[in-house]
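>>> sequence first, predicted model second:
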Amino acid sequence: MQNINNSSSTDSAFQWVTIYKAENTLEANIIKGLILASGIECKIAGEMLQGAIGEIPFEQTQVSVQVYVIKERHARQILVNYQQVKQSAPDWVCPNCNEHNGSTFDFCWSCETLKND
Ligand SMILES: [Zn+2]
């Protein structure tokens, strides 16, 4: 990172702020990828802790996605879009057995037919 010495207001603009608390490292990395793809610098906090502890099950740790304060508004807009897409993914009906499956399932829970996009 560059050294910026001109004013204290600039310093505060370059502080990290948490914009998302992910359920796990996988989700945190998805968010990070989305934000980076929009040209916003981004980091994940809590990942190191997770590795150091080791004994704690994956699901129980919390990982924060952070951006600079000055980018917070933009990053939150990306998150809103992400959450809308996540929620709007439709449930699907298995073409093999007609069973109803939630959008998060890639395979039919009943007969294990692969979801057909
Ligand atoms: Zn099925």
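Right, received. Where do you want to start?

>>> got the contact list for the residue most central in space within the chain?
Relative to the mean C-alpha position of the chain, the nearest C-alpha, by CA atoms, centre = their mean, is the one of residue 31, at 2.9 Å. Neighbouring residues of residue 31 by CB atoms under 8 Å, 6 or more residues apart in numbering: 20, 22, 65, 79, 82. Quick note: C-beta positions are derived from backbone N, CA and C, even for glycine.

>>> among those residues, which one has the lowest pLDDT?
Within the set of those, pLDDT is lowest for residue 82 (82).

>>> past the helix or strand of the chain with the lowest mean pLDDT, which element shows up next along the chain?
Ranked by mean pLDDT, DSSP states H and E, the helix or strand of the chain with the weakest confidence is helix 47-53, at a mean of 52. Sequence-wise, the next helix or strand downstream of helix 47-53 (DSSP states H and E) is strand 63-68.

>>> look up how far residue 16 lies from residue 88.
For residue 88, the distance to residue 16 (CB to CB, to the nearest Å) stands at 30 Å.

>>> likewise residue 77?
Taken as CB to CB, the span from residue 77 to residue 16 is 18 Å.

>>> hang on, residue 89 packs against residue 103?
Yes - with contacts counted by CB atoms under 8 Å, residue 89 reaches residue 103, the gap being 3.8 Å.

>>> near the ion, which residues of the chain are found?
Contacts of the chain with the ion, taken as CB under 5 Å from the ion, map to 94, 96, 97, 99, 108, 110, 111, 113.

>>> again, only this time at 8 Å
Applying CB under 8 Å from the ion, we find that the chain lies next to the ion at 94-99, 101, 108-113.

>>> reformat those residues as a markdown table; add secondary structure, pLDDT and neighbour count.
As requested, those are exported to a markdown table (DSSP: H, G, I helix; E, B strand; the rest coil; pLDDT from 0 to 100; neighbours: other CB atoms under 10 Å):
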| residue | secondary structure | pLDDT | neighbour count |
| --- | --- | --- | --- |
| 94 | coil | 93 | 20 |
| 95 | coil | 93 | 11 |
| 96 | coil | 95 | 13 |
| 97 | coil | 96 | 11 |
| 98 | coil | 94 | 10 |
| 99 | coil | 91 | 14 |
| 101 | strand | 87 | 17 |
| 108 | coil | 91 | 20 |
| 109 | coil | 89 | 11 |
| 110 | coil | 92 | 13 |
| 111 | coil | 96 | 11 |
| 112 | coil | 93 | 10 |
| 113 | coil | 93 | 14 |
